[in-house]
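Colleague: Okay, structure incoming, though there's no sequence with it:
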């Protein structure tokens, strides 16, 4: 993304929109009722053994890193307010560090 805010390549556009969608989905998941399946999956801990090698990066860890890059604190509390979360999601679209 250049200084005018336009995306210079299609790959950058996909990357930016992916972060925006991921942050919007996170807000939706946090606001869901605790009994809903997507929320239980987000907050659940898997049981069993894992495969050998380096652990894969998890979706939540990746999303939390995006929040740190954007310098958003107390995001769990802030996503409860839809208008505030929509502003944060829009900020993710134009943030150059993501």
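Modeller: Looks like it came in fine. Values in this document were obtained by computation on a predicted structure and should not be read as measured data.

Colleague: low pLDDT regions in the protein?
Modeller: Residues of the chain meeting the criterion pLDDT under 70: 1-17, 98.

Colleague: ok, now with 80
Modeller: 1-17, 55-56, 95-98 (pLDDT under 80).

Colleague: Next one: residue 32 from residue 41, what distance?
Modeller: Residue 32 sits 11 Å away from residue 41 when distances are taken as CB to CB, to the nearest Å. Using the backbone N, CA and C atoms, a C-beta is placed for each residue, glycine as well.

Colleague: repeat for residue 25
Modeller: Computed with CB to CB, the distance linking residue 25 and residue 41 is 12 Å.

Colleague: So between these two, which is more surrounded?
Modeller: More neighbours sit around residue 25 than around the other of residue 25 and residue 41, counting by other CB atoms under 10 Å; the figures are 15 against 10.

Colleague: Next, the contact list for residue 19, please.
Modeller: Contacts of residue 19 were listed using CB atoms under 8 Å, 6 or more residues apart in numbering, and they are 66, 92, 93, 95, 98.

Colleague: Right, I'll call it a day here.
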